[in-house]
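**Student:** Quick one, structure for this:
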Amino acid sequence: MGGIIKYEIHRLIFNKAAICFIIINILYAGIILNTETILGAGYTAPFSGWSLGSYWAMTLPAAMVTILFMLTRFFSSSAKSVDVLISASPVNQELYKTARLAAVSFGFVIIVLTLFLLAAVFTMVVFNELPLTELFLTMLLTAFPCYLVILGIGSLLGKIHSGLLYSIMIIIILVGFFPLNNIYDFFGGGYFLNEPLKLPAGADGEPPFTLSLNFIFMRIIYFITGVAVLIFYIHERGNKFISLSREK
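**Tutor:** Numbering: from 1, shown residues only. Below you'll find the model as predicted:
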């Protein structure tokens, strides 16, 4: 399994297209930090948990599009031909799927850690503040639930037809640009921007960073949903999906 993961990591990440996508993520995050985060979310400090949560919400759509692009390499015509051969071999299909998902997850971790370091360096250099707790907490509540949902849905739909992955990319971009102003917002951007406006100012003159239980509950729901879809993808034998893929 380790050999499969190494092979898939090399195939997914160490190519010109993937590297270009990662560079785009870095440049886009830099733009967000210098144009949006620096102003502060909901009249809070740029290094507050609200502003950092908003930063994640704005950068994650680009990261999710990158993940879906990586998935397209698993469901291309040539990749499906290889899958047919593998399905006829003694290779454990569940372990094989898990290994490929692990490879994609490695790419996601690289992107998230890069975005994390960019934000940390930005707040330290510009404001002489290093809010690691807020940065880490908002990352956990936004990045990973969203990633699991996108990875699971993308894997299922990509198995039907790789073109569906591009449709999801468009939906993700729209969701990122038009966030909901409540706890149901997928990336959380609307929540981080509007919630501090509803809270009273603290001793430092701005609303304290306190997340509502309803918001946390919704993130847990997204997390569980993503895990459930991934488990279904890994363990389903693919009769229905494979037949649809071959018809395509």
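**Student:** Could you pull out the helices in this protein for me?
**Tutor:** Using DSSP state H, the helices of the chain run over 2-13, 16-35, 49-72, 77-87, 93-127, 132-160, 163-177, 189-198, 213-235, 239-247.
**Student:** so which of those helices comes closest to residue 205?
**Tutor:** Among the helices of the chain, the nearest to residue 205 by CB to CB is helix 189-198 (12.0 Å). In this view, the C-beta of every residue, glycine as well, is placed from N, C-alpha and C.
**Student:** Report how many residues lie close to the closest residue to residue 145 other than its chain neighbours.
**Tutor:** Using CB to CB, 6 or more residues apart in numbering and skipping the chain neighbours, the partner closest in space to residue 145 is residue 222 (3.8 Å). Around residue 222 there are 21 other residues, counting by other CB atoms under 10 Å.
**Student:** and if you look at residue 60?
**Tutor:** Here the count is done by other CB under 10 Å, and residue 60 has 27 residues near it.
**Student:** before we move on, the earlier item: tell me which of the helices of the chain is the most buried.
**Tutor:** Most buried of these by mean neighbour count (mean count of other CB atoms under 10 Å) is helix 49-72; its value is a mean of 25.
**Student:** Check which helices and strands it sits against.
**Tutor:** The contact analysis (3 or more CB pairs under 8 Å, 6 or more residues apart in numbering; DSSP states H and E) places helix 49-72 against helix 16-35, helix 93-127, helix 132-160, helix 163-177, helix 189-198.
**Student:** Dump the ones you listed into JSON lines; add mean pLDDT and distance to residue 59 as well.
**Tutor:** Shown next, in JSON lines, are the helices and strands packed on helix 49-72 (pLDDT from 0 to 100; distance: least, CB to CB, whole Å):
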{"stretch": "helix 16-35", "mean pLDDT": "92", "distance to residue 59": "5"}
{"stretch": "helix 93-127", "mean pLDDT": "91", "distance to residue 59": "6"}
{"stretch": "helix 132-160", "mean pLDDT": "93", "distance to residue 59": "9"}
{"stretch": "helix 163-177", "mean pLDDT": "90", "distance to residue 59": "9"}
{"stretch": "helix 189-198", "mean pLDDT": "89", "distance to residue 59": "10"}
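**Student:** For residue 229, find the nearest of those.
**Tutor:** Residue 229 lies closest, by CB to CB, to one member of these: helix 132-160, at 3.0 Å.
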